[in-house]
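Q: generate a structure from the sequence data that follows.
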Amino acid sequence: MIFFTQFANSQEGLPVYTDYLTDNYYLIHPSMAGAANCAKIRMTGRQQWFGHEDAPKLLTISANGRIGDSQSGIGAIFYSDKNGYHSQNGAYVTYAHHIMFSRSELDLNMLSFGLSVGAIQYKLDETAFVNEPFDPIIAGIEQSSTNFNMDFGFSYHLYNFYAHATVKNILKNEGINNDRQFTSNLRRYLVSAGTVFGKYGSEWSYEPSLMYQYKDATKESSIDVNAKVYKEMEFGKLWAGLSYRRSFDGAEYYENGSVSSQKLQYFSPLVGVNYNNFMFAYTYAYQANSVVFNNSGFHQITLGYNFNCRKERYHCNCPAVN
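A: Take a look at the predicted model:
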């Protein structure tokens, strides 16, 4: 059971962590391709449990922007995800369309739709299992399989308020182990919403937000409660935040001869800086549970570059699009 649970996690497509909070909403919501005032390139590197061999790690690179002066945007995502004996490499391309309801592009009132189509190659290295007792499901080789999938979503921005909804992995995914239901149905539903408090043009602004996700096959769900603060500087912007992730599903374990239960909890502080057109951010995630594999957490670095910016910015405190 432990083996196939890890296998299911490694086959979920692009994992959903808190990297979207580092000015990277396009990574989880395809409707954000080209939604911002600038075209964006973002690179992330995430490492878990330093000092442990084959610990989970994730690398991503994404780019998105408008097609000229049109209302359409395009984007692309490439990623590599490794977790022990399991690994996956994926690539997505995205098309999004943005409908403006305001009198001009200065006042932000925009509805966006986006569709991503991608290919994912899964690998399962069983070569280290050859000395184990015979099991008919173990082939003792490096198995691989390539699947195609799609994400669809929409976003709505009204001045300082925003909301997103996305369905990820719409198609049935055969993967390597296609006789297991939880590895074929990887559909995930994401809903995000937030707003920014602060007068337009002021030095300080504050952004609370929520993100709810639900896995269709396993019926698991969780919620992110986020808060960020921004400080305008002469060279750009400084910002910091805290994210709290709580699962609605628990697991039981033995403690001192009795059965206890716990639910997944993550605390993720993050800091970042925008210097001219460059962006740098660091995120640390700590798992606050009684029973964990290791007390060390997740470390993530995000690098970004904005280019091809339009001259006029939206008249709002809306950092995801401004």
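
Q: so for the host helix or strand of Asp151, what gets flagged as buried?
A: Counting by DSSP states H and E, the element that carries Asp151 is strand 142-158. Buried residues in strand 142-158, counted by 16 or more other Cβ atoms under 10 Å: 145, 147, 149, 151-158. C-beta: built from backbone N, CA, C; applies to glycine.

Q: what pairs with that strand, parallel or antiparallel?
A: Paired with strand 142-158 in the same sheet, following DSSP bridges, are strand 109-125 (antiparallel), strand 161-168 (antiparallel).

Q: what is the mean pLDDT for the first one?
A: Spelled out, that is strand 109-125. The average pLDDT within strand 109-125 is 93.

Q: list the buried residues of it.
A: 109-110, 112, 114-118, 120, 122-124.

Q: touching, Ile301 and Gly45? I think so.
A: Yes. Under the criterion of Cβ atoms under 8 Å, Ile301 makes contact with Gly45 at 5.3 Å.

Q: so where's the chain uncertain?
A: Scanning the chain for pLDDT under 70 picks out the ranges 1-12, 49-53, 130-134, 174-183, 289-296.

Q: can you redo the buried residues of strand 109-125 as CSV with distance to Phe101?
A: Below are these laid out as CSV (distance: Cβ to Cβ, whole Å):
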residue, distance to Phe101
Asn109, 4
Met110, 7
Ser112, 11
Gly114, 18
Leu115, 21
Ser116, 24
Val117, 28
Gly118, 30
Ile120, 36
Tyr122, 42
Lys123, 46
Leu124, 48
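
Q: from these, which is closest to Val321?
A: Closest approach between the buried residues of strand 109-125 and Val321, by Cβ to Cβ: Met110, at 8.0 Å.

Q: OK, contacts around that closest one?
A: 35, 98-102, 155-157 (Cβ atoms under 8 Å, 6 or more residues apart in numbering).

Q: hey, what's it bridged with?
A: According to DSSP bridges, beta-bridge pairing links Met110 with Met100, His157.

Q: how close does it sit to Ala96?
A: Met110 sits 11 Å away from Ala96, going by Cβ to Cβ, to the nearest Å.

Q: need the residues touching each of these two.
A: Contacts common to Met110 and Ala96, judged by Cβ under 8 Å, 6+ apart, are Ala35.

Q: what about the strands in this protein?
A: Counting by DSSP state E, the chain has strands at residues 39-48, 57-66, 72-83, 86-100, 109-125, 142-158, 161-168, 188-195, 204-215, 221-232, 236-255, 258-275, 278-287, 298-307.

Q: do you know which of those lies nearest Pro30?
A: Taking the strands of the chain one by one with Cβ to Cβ, strand 109-125 is closest: 3.4 Å.

Q: show me how far the closest one is from its chain's centre.
A: Strand 109-125 sits 11 Å away from the centroid of its parent chain (Cα atoms, centre = their mean, to the nearest Å).

Q: ok, stretch 280-288 next?
A: Relative to the chain's own centre, stretch 280-288 is displaced by 14 Å; criterion: Cα atoms, centre = their mean.

Q: which residues touch it?
A: Identification of contacts with stretch 280-288 by Cβ under 8 Å, 6+ apart yields 17-19, 21-23, 264-273, 297-304.

Q: give me the buried subset of the residues you listed.
A: 17-19, 21-23, 264, 266, 268, 270, 272-273, 297-300, 302, 304.

Q: which of the contacts of Met110 sits closest to Asn308?
A: For the contacts of Met110, the minimum distance to Asn308 (Cβ to Cβ) is 13.8 Å, reached by Ala35.

Q: dump the residue contacts of the closest one.
A: 26, 73, 96, 98, 110, 112, 155, 157, 320-321.

Q: now Thr146
A: With Cβ under 8 Å, 6+ apart, Thr146 has these contacts: 119-122.
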